[in-house]
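S.K.: Predicted structure and sequence below. I'll ask about it afterward.
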Amino acid sequence: MATISKLSNPSPAASLPARSSSSSLPRVFLGFNTKTSFSKVASSSSRLSLTNTQPWRTSFVCSQSSGNGSPIKRTTLHDLYEREGQSPWYDNLCRPVTDLIPLIESGVRGVTSNPAIFQKAISSSNAYNDQFRELVQAGKDIETAYWELVVKDIQDACKLFEPIYDQTDGGDGYVSVEVSPRLADDTQGTVEAAKWLHKVVDRPNVYIKIPATAPCIPSIKEVISLGISVNVTLIFSLTRYEAVIDAYLDGLEASGLSDLSRVTSVASFFVSRVDTLIDKMLEKIGTPEALDLRGKAAVAQAGLAYKLYQKKFSGPRWEALVKKGAKKQRLLWASTSVKNPAYPDTLYVAPLIGPDTVSTMPDQALQAFVDHGSVARTIDSNVSEAEGIYNALEKLGIDWGYVGDQLEVEGVDSFKKSFDSLLDTLQEKANSLKLRCRRPIATLTSHHPDVCIKKCAGVIERRQVIMLSVGLLAGAALQHSSSNKDAAAMAAEFTDMPALRGKDYGKTKMRYPDYTETESGLQYKDLRAGNGPLPKMGETVVVDWDGYTIGYYGRIFEARNKTKGGSFEGDDKDFFKFRLGSRQVIPAFEEAVSGMAPGGIRRCCFCFSQGYSLCYYASQRCRIIVPPELGYPENDYNKSGPRPTTFSGQRALDFVLRNQGLIDKTLLFDIELLKVIPG
């Protein structure tokens with residue numbers, strides 16, 4: 001039995017059970033069949049009956065031999081479901097979808113897909129050429145053609161798994177399709193994309209995949225409330241997983257449906273990538289204690305996720321939903337292939353077996369588990385050890401919040417690159433087929449051309465994510481410092497702040513003896529002062545500023561004409577100016593500027609949620625605590641400046657201000673007072 005306790009020195013042999021001779025036990029093997037035809041394929045667990053007279057192309061098939069040459073249907077995947085209540089799914093999809101038939105026969109009960117899977121499938125196969133040619137010749141643009149290719153595959157796969165869905169009364173047999181990865185930071189765009197996909201696929205057993213990014217958490221709630229089943233993907237941390245569960249429960253409660261039995265969901269918790277990142281961090285630490293924890297982080301965190309799942313889906317709130325037919329949002333283990341060849345090839349499958357869960361496996365992991373995997377309940381066999389590993393990693397300086405944020409950004413970025421690469425591949429395919437086609441006009445959001453929200457014309461500037469978390473903010477600030485030594489010292493002071501260490505980000509009122517607190521409650525400290533008299537009420541000030549959304553991946557919502565860490569350059573008309581006392585800007589911004597002399601720089605964090613917020617920005621040693629009444633009125637930047645000057649910046653700021661408590665609303669402002677114009 002594979003458990004967390006057996007992960008001290010992962011090795012391939014650790015996953016291999018003791019075997020009897022081949023004469024006493026049937027040997028399971030997977031292979032490729034290039035010329036086979038099937039009729040009436042039956043699954044012992046689903047009683048699936050299908051007819052397929054088309055010859056198979058190269059495909060992934062599963063079979064067993066009893067030793068006398070006669071085939072038998074049963075595999076460890078059937079045991080996994082029937083004995084332990086875990087559904088094995090296949091993490092792949094390509095044409096022809098009839099290649100899924102032998103997998104269904106071997107016990108696979110569902111399919112997951114993502115932009116990377118479709119990128120590989122469509123770019124490496126000619127099976128899509130005929131439909132693609134017809135679409136382009138019919139005048140479809142590249143992205144529209146892409147979605148029609150995808151929808152057909154999903155519909156065909158749903159048809160194959162529909163018998164399992166029917167037999168389990170909607171408990172299994174799902175096929176997942178993901179909204180455009182370009183929508184990972186677009187709440188409403190994600191909702192519209194999910195509605196569109198649900199409508200065009202038009203199959204009861206389709207799961208619409210939505211990423212678990214902060215902007216998409218409210219999307220999940222709304223989509224669930226509409227009665228659409230959802231696969232929430234890209235979950236890397238316990239904190240985000242809890243937010244996903246709450247969004248599911250909130251959506252069920254908001255649906256108004258008297259029968260909730262057909263609204264289901266899975267939460268895709270990614271596993272192997274956690275070890276990939278944390279192992280690198282442990283190797284950098286280099287101590288024997290750190291090195292001994294390699295290969296343990298992912299399974300330990302997954303075990304705690306299952307504990308959280310059991311807690312959240314119990315008690316009065318859940319029981320009230322059960323009375324309406326609600327079903328639990330099952331945990332789905334994703335990213336189950338082993339990235340480190342030194343680890344057992346079933347490392348992210350065997351230790352995560354438990355009831356009411358799903359394990360979606362790509363070819364490598366599926367083949368390994370069918371060949372030599374053990375079936376036994378392992379997910380909660382040693383929760384205390386999982387907690388010990390989790391805490392030990394924290395003591396070594398592993399920040400689980402940072403790990404989750406980093407992996408989420410990497411995951412979203414990877415899917416975006418796959419999506420963009422596929423569109424380029426389709427364009428090249430159209431060129432090679434000598435087809436004339438058009439690329440879709442740039443729009444604000446992109447989930448499908450028919451439902452794009454075209455709120456502006458022209459080019460939307462795409463900026464890179466500058467900061468991954470508040471912890472990374474200090475590192476980003478080093479480029480602003482005049483001395484690497486001073487910057488390192490300030491960064492160390494930043495990371496050791498009690499508010500950040502406790503991860504409450506200062507949402508309670510804090511006072512520091514070396515800070516000045518104004519009558520309004522604003523606390524501040526400057527490093528660099530300007531020269532000359534302070535501006536007076538009625539005078540016009542010319543400032544330059546940057547803005548960042550701390551709780552929204554450190555995303556820039558304003559960046560003007562300056563070189564980071566350098567001097568501000570440009571004419572007055574290029575910068576923001578306002579008259580003190582005119583209420584043109586939020587009180588916190590005005591108060592911060594009114595205490596500056598020309599040439600001075602303040603870097604401050606403003607929080608506009610209910611409560612106070614503290615942020616410390618290393619390069620300027622500036623801490624500002626701002627009461628909510630000094631922020632944007634009614635959380636609306638349109639009612640008071642400073643306002644973002646780009647449309648993408650406006651969307652980022654608007655999302656943070658209007659979000660109902662799902663993310664940290666702290667904003668960072670980098671301000672320089674350039675000039676004071678009298679009267």
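M.R.: Cool, got the structure. Residues are numbered from 1 along each chain as shown.

S.K.: how many other residues sit next to I122?
M.R.: Counted with other Cβ atoms under 10 Å, residues neighbouring I122 total 22. For every residue, glycine as well, the C-beta is placed using N, CA and C.

S.K.: same question but for Y402, I mixed them up
M.R.: The criterion is other Cβ under 10 Å. On that basis, Y402 has 17 neighbouring residues.

S.K.: Show me which positions of the helix or strand where it lies end up buried.
M.R.: Secondary structure assignment for Y402, by DSSP states H and E: helix 400-432. When burial is assessed from 16 or more other Cβ atoms under 10 Å, helix 400-432 yields the following buried residues: 400-412, 414-416, 418-419, 422-423, 425-426, 429-430.

S.K.: Wait, a helix at K195?
M.R.: Yes: counting by DSSP: H, G, I helix; E, B strand; the rest coil, K195 is found in a helix.

S.K.: That one contacts V223, doesn't it?
M.R.: Yes: A contact is recorded between K195 and V223 when judged using Cβ atoms under 8 Å, the distance being 7.4 Å.

S.K.: Please say which of those two ends up with more neighbours.
M.R.: In this comparison of K195 against V223, neighbours counted by other Cβ under 10 Å, the higher total goes to V223 at 28 against 18.

S.K.: Skip the chain neighbours and tell me the closest residue to that one.
M.R.: What sits nearest to V223 in space, not counting adjacent residues and going by Cβ to Cβ, 6 or more residues apart in numbering, is A194, at 4.6 Å.

S.K.: Also V150?
M.R.: Nearest residue to V150, sequence neighbours excluded (Cβ to Cβ, 6+ apart): F118, at 5.8 Å.

S.K.: I'd say that neighbour and T425 touch.
M.R.: No: with contact taken as Cβ under 8 Å, F118 and T425 are classed as non-touching, separated by 10.5 Å.

S.K.: From G532, how far off is V349?
M.R.: Applying Cβ to Cβ, to the nearest Å, the value for V349 to G532 is 68 Å.

S.K.: and the residue nearest to V223, what is it in contact with?
M.R.: Contacts were defined as Cβ atoms under 8 Å, 6 or more residues apart in numbering; by that measure A194 touches 179, 208, 210, 219, 223, 228, 230.

S.K.: Go again with 6 Å.
M.R.: A194 is in contact with 179, 208, 223, 228, counting by Cβ atoms under 6 Å, 6 or more residues apart in numbering.

S.K.: thinking again about what came up before, check the burial of the residue nearest to V150 by counting its neighbours.
M.R.: Burial measure for F118: 23 neighbouring residues, criterion other Cβ under 10 Å.

S.K.: Assign a three-state SS to it, would you?
M.R.: Classification of F118 into helix, strand or coil gives helix, according to three-state DSSP.

S.K.: Now name the helix or strand holding A326.
M.R.: Applying DSSP H and E as the criterion places A326 outside every helix and strand.

S.K.: same question, the one 10 residues further on
M.R.: When secondary structure is defined by DSSP H and E, T336 falls outside every helix and strand.

S.K.: okay but it is in contact with P362, surely?
M.R.: No: the pair T336 and P362 fails to qualify as a contact (Cβ atoms under 6 Å) at a distance of 7.4 Å.

S.K.: Would you mind telling me which of those two has the busier surroundings?
M.R.: Residue environment comparison for T336 versus P362 gives the larger neighbour count to T336, 26 against 16, counting by other Cβ under 10 Å.

S.K.: How about that one, nearest residue that isn't a chain neighbour?
M.R.: Y348 (4.3 Å).

S.K.: Could you report the distance from that neighbour to A365?
M.R.: Plainly put, Y348 is 7 Å away from A365 if you go by Cβ to Cβ.

S.K.: The closest residue to I122 other than its chain neighbours: neighbour count?
M.R.: Distances taken as Cβ to Cβ, 6+ apart place Y128 nearest to I122, at 5.3 Å, with adjacent residues excluded. By the criterion of other Cβ under 10 Å, Y128 has 23 neighbours.

S.K.: same thing with the one 4 residues further on?
M.R.: For F132, the number of neighbouring residues by other Cβ under 10 Å comes to 24.

S.K.: For it, list the residues it contacts.
M.R.: For F132, the contacting residues are A145, taking Cβ under 6 Å, 6+ apart as the criterion.

S.K.: Which of the helices or strands spans it?
M.R.: Here F132, judged by DSSP H and E, is contained in helix 129-137.

S.K.: give me phi/psi at N531?
M.R.: Dihedral pair for N531: phi -120, psi 140, per degrees, to the nearest 10.
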